[in-house]
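[1] Everything below, folded, please.
(one chain, ligands or ions: 1)
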Amino acid sequence: MKTRIAVLVSGGGTNLQALIDAQKSGIIKSGEIVLVGSNKADAYALERAKNAGIEGFVMRDETHLLEKLAEEKIDLIVLAGFLKILSEDFIRAYEERIINIHPSLIPSFCGKGAYGLKVHEMALEYGVKVTGATVHFVNEIPDGGRIIAQKAVEILEDDTPETLQRRVMEQAEWILLPQAVEMVSENIAKGE
Ligand code: GAR
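    Purely as a prediction, here's the structure:
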């Protein structure tokens with residue numbers, strides 16, 4: 001049986017799109033995205049779900065989300081640009097069953113307050129020459145769970161936060177996240 005996946009989003013959902021495309025092309029074959037949950041009713045990611053024929057869901061709060069996840073018998077939760085911190089109780093209920101994508105090489109430029117464009121601003125400000133993306137399991141420490149996969153991306157002389165964000169997405173996030181989702185889905189499907 002395929003691993004039942006819920007993707008949680010807050011915004012544009014380009015990583016969700018990468019997952020949908022990977023499902024279509026067969027890169028993701030051990031799992032199936034059955035639900036897209038958003039904490040924002042106007043998230044464009046919900047449009048992407050609708051276009052792909054996947055159920056979209058706007059959560060009122062965590063209890064509401066937990067109810068829905070149980071109802072849909074979700075095995076794996078993927079945070080793809082989900083910008084809300086989950087409570088310890090929630091994380092404990094899905095131990096080793098929640099994964100997140102972060103747009104830097106953890107442990108650099110991560111933790112509370114480091115999300116989206118801010119992460120790239122921090123990397124440019126520090127002056128690192130290489131950054132990237134990380135997929136990791138979620139535990140009670142923000143961006144502190146076990147690392148599943150990482151991919152490095154070069155920083156160029158004239159990068160702005162926006163150009164760097166785009167390159168990290170194209171060269172790392174959109175490739176790494178589908179691969180990691182397939183790997184974890186396969187393990188869950190095998191009962192590991
Ligand atoms: C992505 O770059 C993702 O890595 C980042 O937010 C962006 C969401 O874009 N997530 C974090 O910073 C989490 N700490 P998307 O909605 O287009 O996928």
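
[2] Which element, helix or strand, includes the one residue in the chain that gets nearest to the ligand?
    Nearest to the ligand, among the residues of the chain, is Gly81, at 2.6 Å (Cβ to the nearest ligand atom). For glycine as for every other residue, the C-beta is placed from the backbone atoms N, C-alpha and C. Under the criterion DSSP states H and E, no helix or strand holds Gly81.

[3] Based on its surroundings, how many neighbours for it?
    23 (other Cβ atoms under 10 Å).

[4] try Leu35
    With other Cβ under 10 Å as criterion, Leu35 counts 20.

[5] same deal with Leu16?
    29.

[6] Tell me the pLDDT of it.
    Looking at Leu16, its pLDDT is 98.

[7] Need the nearest residue in space to the residue nearest the centre of the chain, chain neighbours excluded.
    Note on the chain: the residue nearest the mean C-alpha position is Ala80, at 2.6 Å, using Cα atoms, centre = their mean. Leaving aside its chain neighbours, Ala80 sits nearest to Asn15 (3.9 Å; criterion: Cβ to Cβ, 6 or more residues apart in numbering).

[8] any idea how far that neighbour lies from Gly113?
    As judged by Cβ to Cβ, to the nearest Å, Asn15 and Gly113 stand 20 Å apart.

[9] Looking at these two, which has the bigger crowd around it?
    Asn15 (26 against 9).

[10] and that one, how far is that from Tyr126?
    Taking Cβ to Cβ, one finds Asn15 at 24 Å from Tyr126.

[11] again, but for Glu88
    30 Å.

[12] Which elements pack onto the helix ranked longest in the chain?
    Looking across the chain with DSSP state H, the single longest helix is helix 174-189. Secondary-structure packing of helix 174-189 (3 or more Cβ pairs under 8 Å, 6 or more residues apart in numbering; DSSP states H and E): strand 3-9, helix 14-25, strand 31-38, strand 76-79, strand 98-102, strand 130-137, strand 147-154.

[13] now the ones you listed as TSV including distance to the ligand?
    Listed next are the helices and strands packed on helix 174-189 as TSV, based on distance: least, Cβ to the nearest ligand atom, whole Å:
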stretch	distance to the ligand
strand 3-9	6
helix 14-25	3
strand 31-38	10
strand 76-79	7
strand 98-102	5
strand 130-137	6
strand 147-154	12
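
[14] With the ligand in mind, check whether stretch 170-177 reaches it.
    Yes. Contact between stretch 170-177 and the ligand, assessed by Cβ under 6 Å from any ligand atom, occurs at Glu173.
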